[in-house]
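[1] Generate a structure from the sequence data that follows.
(chains A and B)
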Amino acid sequence: MLIATWNVNSIRVRLPRVLDWLREMVPDALLLQETRTPDEFFPQRELQNMGYQSLSHGEKSYNGVAILSRLPMEVTELYLPGAEDDKQARYLEVLLDGNVRIASLYLPNGNPSGSEKFAYKINWMTRLYEHARALLQTGHAVILGGDYNVCPTDDDVYAPEQWADNALCRFEARKAFQDILLLGYCDAFRVFHRTPGEYTFWSYQGGAWSHNMGLRIDHLLLSPKAAERLEDSGIDKRPRGRARASDHAPVWCRLREIL
DNA sequence: ATGCCTTGCGGAGCAAGA
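    Below you'll find the predicted structure:
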């Protein structure tokens, strides 16, 4: 079972790139972030023609998440639990093929550090921690994938000293990320790749891509039941080098089928 | 030292991203 996550930075602009990638990799499920499109304009039909059912939780202009799947899925959560008043489209969770809980999440950026936005980010991470803990009790394998807007360590940043005070690298954000790992979740990419300098995002500005000045902020976190089935993982950098690319690259993991 | 791109909105520049 191949599962991937990709911040596409507008699904309407990126649709040809997404269709290309579905053709190449044929993932069983693809988690999308920053679709930046209301549900009624989500390109459901084009994806259906490729054999993918899609569920979108979008909003106008900003945010927006979606899940594409070749396997049957049913919605389990449309919002991250823990705040009735938070209506930003940043979370969507499904039960995939009757046995895997999968969430597509777009964690708040939080810049500038110390601002109201930063407080919202940390609060969101606290809610994610609580929900991640609750999901462990469901008995399902759980995959929490998406744009976490967190560089877990300095190995995940091209210039750690420059980024030390950025909301993506601040202690409070890293601590909240580590707390989720301490529940028993694993960072699927780091199981197979230990070297620094592996990134999932490169700014459009200043030749960041050509100089590999990037950040590793897109992650697939696996519960123990999912992690015991983990066979391989990776970052597919090819789409970042193509015309009209997203500034993020897809991250994927492969799980053994249940025996 | 964020604003050297990109996108959305809306019909010119500004907000937001990370």
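[2] helix/strand/coil for A:Glu59?
    On the three-state scheme (DSSP: H, G, I helix; E, B strand; the rest coil), A:Glu59 is labelled coil.
[3] Report the separation between it and A:Asn123.
    For A:Glu59, the distance to A:Asn123 (C-beta to C-beta, to the nearest Å) stands at 19 Å. All C-beta spots, glycine's among them, are computed from the backbone N, C-alpha and C.
[4] same question, A:Tyr148
    For A:Tyr148, the distance to A:Asn123 equals 15 Å [C-beta to C-beta].
[5] More neighbours: which of the two?
    The residue with more neighbours, out of A:Tyr148 and A:Asn123, is A:Tyr148; 28 against 15, by other C-beta atoms under 10 Å.
[6] what does the model give the more buried one for pLDDT?
    Predicted confidence (pLDDT) at A:Tyr148: the value is 98.
[7] can you tell me how far it sits from DNA strand B?
    Distance, A:Tyr148 to DNA strand B, using C-beta to the nearest atom of the strand, to the nearest Å: 10 Å.
[8] That residue against A:Leu107, yeah?
    Yes. Taking contacts as C-beta atoms under 8 Å, A:Tyr148 lies within contact range of A:Leu107: 4.8 Å.
[9] now the helices: where do they sit in the stretch 101-250 of chain A?
    Taking DSSP state H, counting those that start in this stretch as the test, the helices found in the stretch 101-250 of chain A are A:116-135, A:160-163, A:171-182, A:188-192, A:224-227.
[10] Poorly predicted segments of the stretch 101-250 of chain A, please.
    Within the stretch 101-250 of chain A, not a single segment meets pLDDT under 70.
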